[in-house]
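Novice: the following block contains a protein sequence and its predicted model.
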Amino acid sequence: MTAKNKVELRIAGKDYTVVGTEPVEYIHRVGLYVDKKMTDIMRHSNKLSTSMAAVLTAINISDDFFKCYESEQSLKKELKKAAEQLEKLKEENKALRQENLSLTNQNDNFKLELAKKETEIREVRISLDKAERARD
């Protein structure tokens, strides 16, 4: 079972005891974030009650959350597309390497065949030269 952490937070001038399984430092960061948001809202409109400021803070934090969530979803889609493109490129690279190997082998065979043909041509020339000398 996960240990529970009990943390004292001050939000908008009021003390709250928060219990959670997250690390104490994390709970403090969350509390500071809420306090900052609520303090900013109350500073802009000092006529708001604490409960109204809390609702507006919740709306602002929800807005932050949804924007982050949408950004995360967009980044996940981009990552998925990039991963798919990477896989396609890997497959294309593999196919090109195989084609390159095949062409290299074919080129080597052509070089060998050319060398054989050049040898045959030399032998034919030598035979022709001997035949011409024998006629003279």
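Specialist: Thanks, I have it.
Novice: tell me where the protein has helices.
Specialist: 24-44, 50-135 (DSSP state H).
Novice: show me what the first one is packed against.
Specialist: Helix 24-44 is packed against strand 5-11, strand 14-20, helix 50-135, with contacts defined by 3 or more C-beta pairs under 8 Å, 6 or more residues apart in numbering; DSSP states H and E. Bear in mind the C-beta positions are built from the backbone N, C-alpha and C, glycine included.
Novice: buried deepest among the ones you listed, which one?
Specialist: strand 5-11 (a mean of 15; mean count of other C-beta atoms under 10 Å).
Novice: what residues does that one touch?
Specialist: With contact meaning C-beta atoms under 8 Å, 6 or more residues apart in numbering, strand 5-11 is reached by 15-24, 27-28, 31, 34-35, 38.
Novice: domain map for the protein?
Specialist: Domain assignment of the chain by automatic domain parsing yields the ranges 1-48, 64-136.
Novice: between those, which gets nearest to Leu56?
Specialist: Proximity to Leu56, assessed across the domains of the chain by C-beta to C-beta, is greatest for domain 1-48 (5.0 Å).
Novice: tell me which of the domains of the chain sits nearest to Thr57.
Specialist: Thr57 lies closest to domain 1-48 among the domains of the chain, at 4.4 Å (C-beta to C-beta).
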